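Asks: Sequence and predicted structure below; questions after.
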Amino acid sequence: MTDILHEFYYNAGTLLKGVNMPDPDLIISSRCIEIYGNDPKDYCFLYSKETLESFRFETNPQITKIGKYAFLNCKKIQQIDLSACSKLTVICEYAFQGCSSVIELLLPEGLQYIKNRAFQGISIQSIEIPTTVIDINDYGLDISKLSNITFREGSKLLSLSNLAFSGTSLVEFTVPESVKSIAGTFLSGVTTLRTISVHKKNQYFVSDNYAVYTKDYSTIVAFAANSTIEYEINPKTMSINLGVFCSALCKSITIPQCVTYIGPYAFASTKSLEQIILPPNLTTIQQYCFINSGLTSIDIPSKVTFINDCAFINCLSLKTIIIPSNLKTVGGFIFPSDPSINFTIKDDALVKIDDQTLIMAKDNSSISLLLDSAATTIKIPSQVKRIKTLAFSNKKLLVSIICDGTSELEIIEDSAFSNCEMLTSIPFFPKLREINRGAFYKTNLPNVFTFPSSLIFVGNKAFSEVKTLERIKFTSNTTSLNIQDSAFAGCTSLKNVSFEECSSNISLGQNVFEGCNSLSTFNVINNIKMINSGCFMNSGLKYIVFENNITSFDNLPAMLLKGCTNITEIDIPKNVISIGNECFRETSIRHITIPNSVESLYSQCFRGCTFLERIYISSTCNLFRIFPEIVEDCTSLSYISDFSSNHLVCQNSTIYDINFGRVYLHAPACRDNYISFDRRLRSVADSAFINSIYIEMVHFVDSSVISIGRRAFESCIRLKHISIPLSVTSIGNNAFLNCKSLKCGVLFQNKTEDFIQTLVSSGIPKISLRSCDTLSCKLQQSPNSPIAILVFIAPTLLGIF
């Protein structure tokens, strides 16, 4: 196994971040307290996920936190052994999601929290939960092959959270002894579950092996989906918990008359359930209560005043609905979108179905659902203030929305018009405040769209894939404007985005303008307070201009301009502290100036910039750390200006640590053909000289370099001669891969078979290890080393020192 290099540790070695090592088996320092993770484009093992097969910690690990996404999609890991990590308290969201080869998971005593989707998609069949775990969040152990869970005696688990074990293959489950609260959806979708019981020491719940109740039977909190086809709820029960019967295979469920509350998702996906009698004292039908059920008819009890979003969505067999007179409010898409359903609406109900088949509030204040999928034009009353979730979704023939006056609309809820693929016309909504998730996803809105001054929120994918949109203008004068992830992603015709008339503090989420390949210019005004990763990735940007050459944020985020091939120049704001992973990757910039404020250049930030020729760094810069591969595939880069900071130094387009003990990178197209190092050099970093096409000779003096990193001289196609002193103990894989001219002239002192094999593993053909006696070179003794080195007769030699 290989120790993770010190350069990937921060904060005196306590934070592990940005690991970029191809070694399959890695050792994490015992001093590490946190493994970094931020988002799917910025996490610890992002650049090792294709190669990492195992990891372990040094003795007595101090780790307390595994961050969000830390090992995301490390698909080759087979075992996660954290058993020695006694100080580990939290495994964060998505930490090991997608590690699909993991077949063994060992958790430590001391662990307290398993966050959302932390282990989703791994392949273990059984797991033992430590006594110290007190909470397992949504999808925390969503593992399809998991068939056995053991809670150690003395378990301190306090709650069974929503979807905690969703999607598993459990056959039986015992509620642990300390659990005080249960979300009925904690076993959502587990159609294999035959029995559910309660630990004998649990003081809060009881079970009949089919279901779990509170101790006094007042609430049914969970049900084994595959336990029986007929079930009668205990007559003492007054409340049905969230998702209790979700995915149950029952054909008949009897609800006691005394029940007054039925939670969201309570009967979701009960596909065999065709009839149910709801209790008379019920006042609310919660969101998604009967989604995907097999109901054929429903009589809403007379005391029901509110039906929440999507209560009966996708109940495709539902043909008869009776709505009571006391109904006052309904959510979005409460029933199937089918005009053939026989509705009976009793007098005095505050809900109506108009002649356009719109289900809406009687006072016209909200629209819940359009029943008619064949409608082409809909007239919205001006009094409408809210268009609810999925109200017009998937109306494939809908072309235009008109308003009968000046609109009062304030909120467009989630997916309200999503997939209305022919929708080309909507009115201006002068009082609009919120456009929620996916509201206009895959519509064909008009090419010019001006947002009102009242706007405060644009949700995830709100306008994603609207390929007709060409110009958008924001005029908000509110305190803040939050534009969330992928809001305009895939708007391929979008040419212009204007915030000039917007006085709000603006936040741009991840990938907001990703794939907007017609967008050529963007002005980052000072009231844009945050831009998240990938915001302009793969867009058509040619120019991005920062007002007054400063930003309101410290860091240029990961993948900000990745794949923006039209960008040829950019002025990095003078107050930026770090440039994130792949920030400028595969752009067409030709030269770049790094401001004095920059302290860190993260992995691959300029990778693939094939037109990049020159990097200018101030001689008095504050550069503190550079990560691997930042200029890999920058095949035109010939010059990096000399500089010296407190931590790094550059001479002759080659960057070292301040003591010249480690060389980090060399400009690949620098025309120096002879590279010589003195005795201060101890290590060559991974990929340091990769693609350095003009280097013909490398000389390490005796008693100097100890390690040569992976891919250090890969594709140095003109490299003919190199001297490797006895001090070298480590040469990384592929260090000399594709050095086509290295056919002889490899001089090395260590003649052991093991070292020869190391040289071969580094990419040097064994035949190249023979003595060089061609006419193109002659033997000459170095004054600094007993190693014979080979000096070219024809070329001019240029030494670094």
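Replies: Ah, there it is.

Asks: tell me the domain boundaries of the protein?
Replies: The chain breaks down into these domains under automatic domain parsing: 274-421+434-444, 658-792.

Asks: Can you flag the weakest of those by average pLDDT?
Replies: Note on the domains of the chain: domain 658-792 shows the lowest mean pLDDT, a mean of 83.

Asks: coming back round to it: which of the domains of the chain sits closest to residue 507?
Replies: domain 274-421+434-444 (14.6 Å; C-beta to C-beta). Quick note: C-beta positions are derived from backbone N, CA and C, even for glycine.

Asks: mind checking how far residue 284 is from residue 646?
Replies: 64 Å (C-beta to C-beta, to the nearest Å).

Asks: again, but for residue 699
Replies: Applying C-beta to C-beta to residue 699 and residue 646 gives a distance of 29 Å.

Asks: higher neighbour count, these two?
Replies: More crowded of residue 699 and residue 646, by other C-beta atoms under 10 Å: residue 699, with 26 against 10.

Asks: Wait, the more buried one touches residue 679, no?
Replies: No: using C-beta atoms under 8 Å as the test, residue 699 is too far from residue 679 to be in contact (12.0 Å).

Asks: Would you state the strands of the stretch 101-250 of the chain in chain order?
Replies: Per DSSP state E, counting those that start in this stretch, the stretch 101-250 of the chain carries strands over the ranges 104-106, 113-114, 126-129, 135-136, 148-151, 159-160, 172-175, 181-182, 195-198, 205-207, 211-214, 219-223, 230-232, 239-240.

Asks: nearest to residue 656, of those strands?
Replies: The closest of the strands of the stretch 101-250 of the chain to residue 656 is strand 104-106. By C-beta to C-beta, the value is 41.7 Å.

Asks: got the contact list for that closest one?
Replies: Contact partners of strand 104-106, identified using C-beta atoms under 8 Å, 6 or more residues apart in numbering, comprise 78-83, 119, 122, 124, 127.

Asks: Let's see that with 7 Å instead.
Replies: 79-83, 119, 122, 124, 127 (C-beta atoms under 7 Å, 6 or more residues apart in numbering).

Asks: Distance to residue 345 and pLDDT added to these, as CSV?
Replies: As requested, these are exported to CSV (distance: C-beta to C-beta, whole Å; pLDDT from 0 to 100):
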residue, distance to residue 345, pLDDT
79, 60, 97
80, 56, 98
81, 61, 97
82, 58, 98
83, 62, 96
119, 48, 97
122, 50, 96
124, 52, 97
127, 51, 96
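
Asks: Widest-spaced pair of these?
Replies: 83 and 122 (16.2 Å).

Asks: Name the residue in those two with the higher neighbour count.
Replies: Neighbours were counted for residue 83 and for residue 122 using other C-beta under 10 Å; residue 122 has more, 26 against 13.

Asks: quick one, what contacts the more buried one?
Replies: 96, 99-100, 102, 105, 143.

Asks: How about residue 273?
Replies: Applying C-beta under 7 Å, 6+ apart, the residues near residue 273 are 250-251, 253, 267, 293-295.

Asks: out of those residues, who's nearest residue 353?
Replies: For the contacts of residue 273, the nearest to residue 353 is residue 295 (19.6 Å; C-beta to C-beta).
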